[in-house]
Structure formats: structure tokens, C-alpha cells
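Q: Dropping a prediction and its sequence here:
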Amino acid sequence: MATMKSIRGKALRITKLDECGNPIAVGPAVVVTKGFVSIQLSPQYIDGEDTEETNANGDLCIQDKAPDKLKNIEIEATLCEVDFDMVEIMTGQKVLVDAAGESVGNVFGQADEVFFALEVWSDIPGAVCGAGSKPFLYHVLPYIASARLGDFTVEKTAATFTFTANTRPGTNWGPGPYNVQMAGTPTAVPAPLITPFEDTDHYAWLRSTVPVPALTDGAVTLALAPGYHTPTP
């Protein structure tokens, strides 16, 4: 089916990357949550040069418009439930722990640049179940630089917390370290992306019948899809 509809965000997954954009397979590196209000994506373009030249009579002689080029995608994630480990992965602001070693907060100050990938699943209204499970619309931004915490207010109404960031070119995500698409014959099975990311790509969306990942309790170790290899940081 070559159409797309989207309603209701189901889950958000954040994956820690190294500085080259490779998923990190050592230590706590992945958070899956449903504690978000919205994920807003704003593609940013470099306008192509517009060339016009008239002749001696004042008539248009040359007219050309170079194609616009995608520079990056601005991301605004609004959260209603903040996972402290996820904040550290997204911003580099270190986690505070209690006497038992449980994450209880973050401290904000000067931090080194960090990198992460963002995936989000949404419902497809009226979709009929197929191979795998119920269809979802899957979004992935594979290479994002440090997010910034926006303004928030502590008051009598519920607080939300906004983080903004931008994608980067040069991703090494490739097919990705997760099974997100049904593939194979004669029986399709969950697999990484059939069409891998190239280093100039910033974002992809696709219809998928692979089930939405289970929520995590804080950050967990990345479980790589079979056959996927990533450098050890």
C-alpha cells in the first residue's frame, strides 16, 4: 500500500551513538518510553541559487534555479515523563544516583557533545493487520547531535519538558541495529532496514508490521540484530 496515515504516538526509542554515529553496544545505551507528548520534525533547507540575467533590451535572457538541498532536520521532543538516563544520552548532562545506585536526576552544566538516534512509532488509522503484527508508521533519525533543554515552568498544572536538537550528515546507521521491517522469502521475518541509510541521509519513515519495542526501565544495553556489527567505543 503506497499511502501513509499517522495518529497517536506509541513509543519513542533513544539509542546512544559514538562520535562517528555508530550505535554503542557496551553499557546502558537504549531507552524506550511512551512518556512523550509530541515529536516535531522541521526540515531545514539551503535555498538553491536563483540566477536571472537580462539582455541589453531588458528582456529575460537567462533564468535558472538550482535545486534546494536538505541541510538537516530540527527536532523538538516534548516529554511528559522524563527518564533521567535518556536525558543523559540526549544531552550529555550526567545522571545523579541515590545510595542504591538508582538514577534520581540530572545535573546541568558544561557537557561534551554527545550523539544519539531517535525512533518513534505511530498508529496507522484504519490499517488491517498483516504479516508480523498490526501495522505502524516507523520514523527514524539516525544521527543527532546534543539536545538542549528548553524552558519549563513549575506550577499547579502539569509540566512538560522540551528538548531540541538537529540531525547531522555522515550517519553510520546503515540498516540499523534493530529488527524494524519484515523481510525474507518465502516467510518474512523481522529484520533490519532493507534499504540502508547512506551517509547523506537524515531521516526515513516506513510502514512496518514489526511489533513496537517493549518499554524499558531506564537505559539498557543494546541488543544487536543478528549479523549487525558495530565498533566497540
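A: Arrived safely.
Q: what residue of this structure is the furthest out?
A: For the chain, the largest distance from the centre (Cα atoms, centre = their mean) belongs to Asn57, which lies 53.6 Å off.
Q: who's in contact with it?
A: Going by Cβ atoms under 8 Å, 6 or more residues apart in numbering, Asn57 touches no other residue. The way it works is simple: take the backbone N, C-alpha and C, and place the C-beta from them, glycine included.
Q: do Val95 as well
A: Neighbours of Val95 in contact, by Cβ under 8 Å, 6+ apart: Phe84, Asp85, Val87, Glu88, Ser103, Gly105, Asn106.
Q: in which helix or strand would I find the residue farthest from the centre of the chain?
A: Assigned by DSSP states H and E, Asn57 belongs to no helix or strand.
Q: Can you list the residue ranges for helices in this protein?
A: 84-91 (DSSP state H).
Q: got any ranges where it has weak pLDDT?
A: Along the chain, the parts satisfying pLDDT under 70 run over 1-2, 130-132, 227-233.
Q: try 90 this time
A: Applying pLDDT under 90 to the chain flags residues 1-7, 25-27, 48-49, 54-55, 58, 64-65, 123-135, 183-189, 223-233.
Q: beta partners for Ser208?
A: Beta-bridge partners of Ser208, counted by DSSP bridges, are Phe136.
Q: and the gap between Thr171 and Gly21?
A: Note on Thr171: its distance to Gly21, by Cβ to Cβ, to the nearest Å, is 5 Å.
Q: Check Val95 too.
A: Val95 is 23 Å from Gly21, by Cβ to Cβ.
Q: So which of the contacts of Val95 wins on neighbours?
A: Counting neighbours by other Cβ atoms under 10 Å, Val87 comes out on top of those with 24 neighbours.
Q: circling back: going by distance to Leu41, which of the contacts of Val95 wins?
A: Ranked by distance to Leu41 (Cβ to Cβ), these are led by Val87 at 20.1 Å.
Q: for stretch 95-104, which positions count as buried?
A: The neighbour-count check on stretch 95-104 (16 or more other Cβ atoms under 10 Å) flags Val95, Ser103 as buried.
Q: most centrally placed residue in this structure?
A: Short answer for the chain (Cα atoms, centre = their mean): Leu118, at 2.1 Å.
Q: wait, what's in contact with that one?
A: So Leu118 contacts Leu12, Arg13, Ile14, Ile39, Ile75, Ala77, Val140, Leu141, Ile144 (Cβ under 8 Å, 6+ apart).
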